[in-house]
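A.B. asks: Need the 3D shape of this:
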Amino acid sequence: MSHEVNETKYLLSELERANYLNAILLDAIPHPALLVNKNRMVIAANRLAKDAGTLVGGFCWRDFGHCLYLSDEDRKHYESHGPNDGKPVACDFCEANNALRRNECRNIERKLEDRYWDIYWIPTQEDGVYLHYAIDITERKKIEKRLQESELRFKMLAEASFEGICIHVKGIILDCNERMETIFGYTEDELPGVALCNIISTGPNKAAIVGNKPEPTISGTYIGIKRMVQYLTLKS
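C.D. replies: Numbering: from 1, shown residues only. The predicted structure is shown next:
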């Protein structure tokens, strides 16, 4: 009897230690993170996830997702039968089934209310258990949108210009307008990635174009590899 009691105490101690280590590892993730089983029941959660409403022993879609992202079918089933009748309920974007079936990480980017999230489902070594976390990428999305809008404005201005315009880094062309292509006799896809010095055969200050630190302004008459350029002004 004493032996069984000691063994039970040992197993409980090991379980408590394992839970403690799980909590440390999850709290080290700087985003809301959960350990979830295939029935969408939360086994463990870090502090950020708990602050968002997650309950250990609860359901991720209910406590963390607040039932906001259920499909119409799952919502009706949940309202009629509750969460414990054996049919897994999930958010409409959930990739847990695919992650567990293929035993591979799955992730998507999704806008939830007014924030953008990069969401992950990662299977663990424990059968039917996965790590689930979400990274707030709202600021990154805003920067990407501003960059796209800036690039579009440049494109519109560049294509409306009668001058050849290109963007280059250390003499390597990154992008250019159609007029630039026409002036030098190249097609749309040929100039990006080409060095400026490789489209000009001779002309004043060609060495400055080749160098890693081009002069702020280089002007003069140049002979292009494919076509004569009467006058060219390069501004860095």
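A.B. asks: what domains does the record give for this protein?
C.D. replies: Residue ranges for the domains of the chain, per automatic domain parsing: 2-136, 141-235.
A.B. asks: Go through these and find the least confident stretch.
C.D. replies: Mean pLDDT is lowest for domain 141-235 among these, at a mean of 71.
A.B. asks: got the residue ranges for the helices in the protein?
C.D. replies: For the chain, the helices defined by DSSP state H occupy 2-27, 47-51, 72-81, 96-102, 138-160, 178-184, 206-210.
A.B. asks: Sort out which residues of stretch 154-170 are buried, please.
C.D. replies: By 16 or more other C-beta atoms under 10 Å, the buried positions in stretch 154-170 come out as 158, 164-166, 168. In this view, the C-beta of every residue, glycine as well, is placed from N, C-alpha and C.
A.B. asks: Kindly apply the preceding question to stretch 87-106 instead.
C.D. replies: Applying 16+ other C-beta under 10 Å to stretch 87-106 flags 88-91, 94-96, 99-100, 106 as buried.
A.B. asks: Just the residues contacting that stretch, thanks.
C.D. replies: 36, 38-40, 59-62, 65, 69-71, 74, 77-78, 81, 83, 107-108, 110, 119-123, 128, 130, 132 (C-beta atoms under 8 Å, 6 or more residues apart in numbering).
A.B. asks: ditto for stretch 53-67
C.D. replies: Counting by C-beta under 8 Å, 6+ apart, 32, 34, 36, 40-45, 49, 52, 69-70, 75, 78, 83, 89-91, 94, 132 sit against stretch 53-67.
A.B. asks: Going through the residues you listed, which ones are buried?
C.D. replies: 32, 34, 36, 40-45, 49, 69-70, 78, 83, 89-91, 94, 132.
A.B. asks: Filter those down to just the ones in strands.
C.D. replies: Those of the buried ones among the contacts of stretch 53-67 mapping onto strands are 34, 36, 42-45, 132, per DSSP state E.
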